[in-house]
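1. need a 3D model of the sequence below.
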Amino acid sequence: METPGLVVHGESAPFSTALRSLVNNPLYSDVRFVVGQERQEVFAHRCLLACRCNFFQRLLGPEPGPAVPSPVVLSTVPADAFLAVLEFLYTNRVKLCRHSVRLCGRLPASHSGLERNVYQYREKYGYLSLCLEFVVKVLDVELVCEALQVAVTFGLGPLQERCIAFIEAHSQEAFRTRGFLELSAPALLPLLRSDKLCVDEAELVLAARSWARVGAAVLQRPVAEVAAPVVRELRLALLAPAELSALEEQNRREPLIPMEQIVEAWKCHALRRGDAARGAPCRRRRGTLPREHHRFLDLPFK
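-> Modelled structure (predicted):
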């Protein structure tokens, strides 16, 4: 009977260092990328990319040829993000920082099929999971809305739940960040539906207006049109009559909320019943400040 061979393992650190030295190294490189708005030139090695990533295998083919673009242009992928992905493909590890996680986790607003596949295979080969592990460890007010957007974009349920729970506990601070203003409507909706936000409804209305203004400026669309997918989740009946009157006046100057939604809130006040107007949510949030008319509401905080 043949004696089994002995498997000998070399030291991993020198091996990883040697492979890392090939990242963006023109030595023996046989494929070139032009990355980002700065058009940074990045060198790579097709055999390594192809064996690590099926997308690159299909893109680059078995050997150089006219079908392979030279250079491969990735104009909207940030150079730092692309180099971090390459480092992971070459060494199976990467050093993460808050800046690189933001770049690598954020999907551009517009991107080619090639760039979209780079993001997809980044996720498939584990780099995104490393980013997520890092994000959870360093999650704070400044990062949480950006992380929530990434979770919604990629359908990462556990991360989305973690981010929403964090925002529920730090609502006022999170809603003042740039990341909040840059949320998409699908990312903002679950927040506005939460009973556990530690913020009063008056502040939430102001935050929603600021969010819609930013979106209107970026998209070149009316504020009311941008706000339409989310404003139905505002609980206007929680506002006192004076606050509701002020909101109605501001809404005339800068439309944000459909008039019928304001009318529904007034019905709750007139009839002194929280369920009087169908579609007018009256549940108090965790951060709702008490007002005299709240004693007439039929739906307390859950």
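2. quick check: Leu86 touching Ala44?
-> Yes. Here Leu86 reaches Ala44: they are 6.3 Å apart, a contact under Cβ atoms under 8 Å. C-beta coordinates here come from the backbone N, C-alpha and C atoms, glycine included.
3. check the secondary structure at Ser194 for me.
-> Secondary structure state of Ser194, per DSSP: H, G, I helix; E, B strand; the rest coil, is coil.
4. give the contact list for the residue nearest to it when sequence neighbours are not counted.
-> Nearest residue to Ser194, sequence neighbours excluded (Cβ to Cβ, 6 or more residues apart in numbering): Glu168, at 5.9 Å. Glu168 makes contact with 194, 196-198, 286, according to Cβ atoms under 8 Å, 6 or more residues apart in numbering.
5. distance from the chain centre to whichever helix or strand Glu168 is part of, please.
-> Here Glu168 sits within helix 157-169, counting by DSSP states H and E. Averaging C-alpha positions (Cα atoms, centre = their mean, to the nearest Å) puts helix 157-169 12 Å from its chain's average.
6. just stretch 253-263 next, same as before
-> How far stretch 253-263 lies from its chain's middle: 29 Å, per Cα atoms, centre = their mean.
7. make 883 the first number, not 1, from now on.
-> In the new count, where the first residue is 883, that last one comes out as stretch 1135-1145.
8. in it, what's buried?
-> Of the residues in stretch 1135-1145, those buried by neighbour count under the rule 16 or more other Cβ atoms under 10 Å are 1138-1139, 1143-1144.
9. repeat for stretch 1050-1064
-> Neighbour-count burial for stretch 1050-1064 flags 1050, 1052-1053, 1055-1057, 1059, 1061-1064 (criterion: 16+ other Cβ under 10 Å).
10. pretty sure Val955 sits in a strand.
-> Yes. Assessed by three-state DSSP, Val955 belongs to a strand.
11. and what about the closest residue to it other than its chain neighbours, helix, strand or coil?
-> Among residues not flanking Val955 along the chain, Val916 sits closest, at 4.9 Å (Cβ to Cβ, 6+ apart). With three-state DSSP as the basis, the three-state label of Val916 is strand.
12. please consider this matter closed, and thank you.
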